[in-house]
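> coordinates for the following, if possible.
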Amino acid sequence: MGRRSADVLLDTLALHGVDQFFCVPGESYLGFLDALYDDPKIKGITCRHEGGAAFMALADSNITGKPGVLFASRGPGATNASVAIHAADIGAIPMVCFFGQVSRKQINKFPSQYYDYVQSFGHYCRSVEQVDVAERLPEITARAFQLAQTGTPGPVIVALPTDILNEEIETEPRGPQTAWKAEPSSRELEAVTALLETAERPVMITGAESKSPAARQALTTFAEQYGLPVLPNQVHQHVISHDHPNFAGAIGGATPQSVKETVWNADVVLAVGSRMTNKGSVGFTVPSKDQKLIHIYPDADMIGRIYHTELGVVSSGEPFWSAMIERNAPPPSEVRKAWVAQSRKNYTDTSVFVPREAPDGVEFGHVINAMTDQLNDDALISVDVGCFSSWLFRYYPFKQSQILIGADSGAMGMGIPGAIAAAIRHPDRQVVGLAGDGGALMTGSEIATAVRENANLTIFVSNNGHYGRIREHQEQSKPTRATGINDLVNPDFASYGEAFGAKGLRIRAPEEAGPVLEQALAHRGPVVVDVDSSLENLSAANTISDLQAAE
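Take a look at the predicted model:
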């Protein structure tokens, strides 16, 4: 006797280790919601907007290393989620998204909420497949999880016509297929070793791939053994402890000049798990014509795609590092040790926050200093996009077991949902979310989700009444010519949080940052802190006055 396809889908998800999904409930997948009534073995986390739900699924994947799972309704629900799906593509983060669809007999007749997912999402998802035959639902689902984790990881969409989920099928639930992980050959390892042994000033750039504890340990051991400065992508800079002597700073928009010079002065660039786009290549300046690039990446299509590559190896990061460690490299030479030490100094010389006088509020670096002093070694930090984030990227010293959650795409709105997902996944660990006043009102309604889940987290909102990043770009491009288009009308975010049922706190002076964080961390439940941030001290690198004086 057959079973309802929605029940088979639920069992298939459970076989893949799915224990929760994020959603805004929709009528187009009622069959699946009904299956949960009979067998609630997977938790559905109800969000207030599909954009927030998708950011939470993205964050959950960042934390676990497994595909984050999203359910959203057809048409508008799916398009609301598109910003986070784009972020998953740019960041190479695995997600599996189940989107409702109109019934099969209405497809291509353009009824209300019909959506062509292939045309709209196909160019930036690893796969988009619509289930037109109910018996294939377990097969397509298992394939989605495999594709999301194979080669370049990323988002996969499974479209579910509304009439599919209530059909009876004979097909059994399908368990996980092996996600293929590329490994280097012995010949490739020999070639990499030869290039590294003859290099005088090599560096290693890392991307989003090396997040598991085993991968992070392998990365660190490899860097020690071969004498390499390590420079991660700034959104994934937690992959190596910042107090390690081989950590030489993070690469991204907040990178100090001295750290950039470390990369520019290298003679060999070893890129592992990075596609070497604008962030990994320091704004497409690396490799230069005088540098040799060794590119290690699990997707052959990305190797040599942008730059001439001296040596390309199709491999995931962890098996590459582990295999290189087994080769027992000779101890680094004195020249190599001096290079690592100088690279480290280029970072440490600019890694300590030195407060500047702020005439119009609190410099956000004081919040980062308080976090440095008080957060546990296994804390999770979710960061949104904006000038305020520059203090975190430049000055926060990540520990080996801490996790940073962000969006490589530069999408605003990640900070608050990311923190909520972290607090749900790890309720006994400290969680801090950082957002600007712009991003906070894009997804701040998810504070209701945090209250509903009684999530333990602290959200700092940098409130300077401005789209600060755009103002910074304006002043850099055309000093003194910024208009009022970036001015914002904001709530008191502490009161905003309280309206949802969270605890609200405020920072109005630099010396309040430490005590307020201490109070927030002691509270069980969500806390929203309104930080009266300086607009003049726009970022860790710039003040408005300095930018205008450069005219």
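
> tell me the buried residues in stretch 512-531?
For stretch 512-531, the neighbour count (16 or more other Cβ atoms under 10 Å) marks 512-514, 516-517, 520-521, 526-531 as buried. Yep, even glycine has a C-beta here, placed from its N, CA and C like the rest.

> show me the strands in the stretch 101-250 of the chain, by range?
For the stretch 101-250 of the chain, the strands defined by DSSP state E, counting those that start in this stretch cover 127-130, 155-161, 168-169, 202-206, 230-232.

> winner for burial among those?
Among those, the stretch with the highest mean neighbour count (mean count of other Cβ atoms under 10 Å) is strand 230-232, at a mean of 30.

> which residues does it contact?
For strand 230-232, the surrounding residues in contact (Cβ atoms under 8 Å, 6 or more residues apart in numbering) are 203-207, 219-220, 223, 238-240, 244, 246-251, 259, 262-263.

> what's the average pLDDT for the following helix or strand past it?
Counting by DSSP states H and E, the element after strand 230-232 in chain order, helix or strand, is helix 257-264. Confidence for helix 257-264, expressed as mean pLDDT, is 96.

> next, the angle from helix 257-264 to strand 202-206.
Angle, helix 257-264 to strand 202-206, by axes from the mean of the first three to the mean of the last three Cα atoms, to 10 degrees: 110 degrees.

> chain neighbours aside, what residue packs nearest to residue 465?
Closest residue to residue 465 apart from its sequence neighbours, by Cβ to Cβ, 6 or more residues apart in numbering: residue 488 at 5.1 Å.

> count of residues packed around the one you found?
The tally of other residues near residue 488 (other Cβ atoms under 10 Å) stands at 14.

> do residue 400 as well
If you count neighbours by other Cβ under 10 Å, residue 400 ends up with 17.

> same check on the one 3 residues further on?
One way to gauge burial is a neighbour count; for residue 403, by other Cβ under 10 Å, it gives 23.

> buried ones in the helix or strand bottoming out on mean pLDDT in the chain?
For the chain, the helix or strand with the lowest mean confidence is helix 117-121, at a mean of 86 (criterion: mean pLDDT, DSSP states H and E). For helix 117-121, the neighbour count (16+ other Cβ under 10 Å) marks 117, 121 as buried.

> what packs against it?
Helix 117-121 sits against helix 76-80, helix 82-91, strand 127-130, strand 155-161, with contacts defined as 3 or more Cβ pairs under 8 Å, 6 or more residues apart in numbering; DSSP states H and E.

> show me where the stretch 401-550 of the chain has its strands.
Using DSSP E, counting those that start in this stretch, strands in the stretch 401-550 of the chain cover 403-405, 431-436, 457-463, 503-507, 526-532.

> mind giving me the packing neighbours of the last one?
Going back to what we said before, that points to strand 526-532. Using 3+ Cβ pairs under 8 Å, 6+ apart, the elements in contact with strand 526-532 are helix 447-452, strand 457-463, helix 493-500, strand 503-507, helix 513-522.

> mean confidence for the first one?
Meaning helix 447-452. For helix 447-452, the mean per-residue pLDDT is 99.

> that one - contacts with which helices or strands?
Other helices and strands packing on helix 447-452, by 3+ Cβ pairs under 8 Å, 6+ apart, are strand 43-46, helix 415-425, helix 493-500, strand 526-532.

> repeat the analysis, applying 6 Å as the threshold.
Using 3 or more Cβ pairs under 6 Å, 6 or more residues apart in numbering; DSSP states H and E, the elements in contact with helix 447-452 are helix 493-500.
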